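**Student:** below are the sequence and a predicted model; questions follow.
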Amino acid sequence: ILPGMAYQQVKWDKLPAGWDDTATSWAITVPGKVIIGPFVGTFNIGYGKNIGGPTGSVSFTSDGYYAGFQRDNVTGKIYDSTNIQGFVDLAFTFGKVTPHIFYSITHSTNDKWKVGNKYHERTSMGINAYIKLNNNFYLIPEFDRYTYGATPGWVDSKGAKWEFGNDWLAGVKIRYTF
């Protein structure tokens, strides 16, 4: 287990009068690894405020816009997003093959979102297998699903949410090290 912390603050100049000119981000993360013979479990849990963002100025991760602060376009007020995220990857080696099964989630909430989803959630899950052909050459077939959630704080006139949808990924990676 190797915990980590991060803190960041940004301040903008020349904003309209009355607008919030400072935003902060912080995160605590606790990754870990368990190895018992041929079994390897890797995991992480993280918690923080404004970990993602619309710009690189306030962003700790590649998580999208909704994991960062939200600004009211009229008043300039900043609403902080609270984030929890984690992943688990379980692997077991059978001879020259190491299959993995994994799952990850990012869940963000924000007081600005008053209707529809009052949170934004993204998930991914998948399986792959590292197939060792020799000490330097692996084939890694993989199949994954990514779910991007719905637009938080929004519904149409019929009460429907705007879903971002899913992506499916399938392929084979060729890994050669020298």
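**Tutor:** Sure thing, it's come through.

**Student:** tell me what Tyr88 is bridged to.
**Tutor:** Just so we're on the same page, residue 88 is Val rather than Tyr. Phe43, Tyr103 (DSSP bridges).

**Student:** show me where this protein has strands.
**Tutor:** Secondary structure of the chain (DSSP state E): strands located at 4-11, 22-36, 39-49, 70-71, 78-79, 81-92, 97-110, 119-134, 137-147, 166-176.

**Student:** how about those strands in a markdown table, adding mean neighbour count, mean pLDDT and distance to Gly159?
**Tutor:** To be clear about C-beta, it is placed using only N, CA and C from the backbone, and glycine gets the same treatment. Formatted as a markdown table, the strands of the chain follow (neighbours: other Cβ atoms under 10 Å; pLDDT from 0 to 100; distance: least, Cβ to Cβ, whole Å):
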| stretch | mean neighbour count | mean pLDDT | distance to Gly159 |
| --- | --- | --- | --- |
| strand 4-11 | 12 | 90 | 37 |
| strand 22-36 | 14 | 94 | 32 |
| strand 39-49 | 16 | 96 | 30 |
| strand 70-71 | 20 | 88 | 22 |
| strand 78-79 | 16 | 92 | 23 |
| strand 81-92 | 18 | 95 | 24 |
| strand 97-110 | 17 | 95 | 21 |
| strand 119-134 | 17 | 95 | 17 |
| strand 137-147 | 15 | 97 | 21 |
| strand 166-176 | 11 | 96 | 22 |
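
**Student:** what about Asp13, how many neighbours?
**Tutor:** 5 (other Cβ atoms under 10 Å).

**Student:** equivalent analysis for Thr151, please.
**Tutor:** Taking other Cβ under 10 Å as the criterion, the count of residues near Thr151 is 16.

**Student:** just put the strands of the chain in TSV and tack on distance to Asp156.
**Tutor:** Formatted as TSV, the strands of the chain follow (distance: least, Cβ to Cβ, whole Å):
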stretch	distance to Asp156
strand 4-11	34
strand 22-36	30
strand 39-49	30
strand 70-71	20
strand 78-79	22
strand 81-92	23
strand 97-110	20
strand 119-134	17
strand 137-147	21
strand 166-176	20
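
**Student:** which of those sits closest to Lys158?
**Tutor:** strand 119-134 (21.0 Å; Cβ to Cβ).

**Student:** that closest one pairs with which strands, parallel or anti?
**Tutor:** Strand pairing for strand 119-134, determined by DSSP bridges: strand 97-110 (antiparallel), strand 137-147 (antiparallel).
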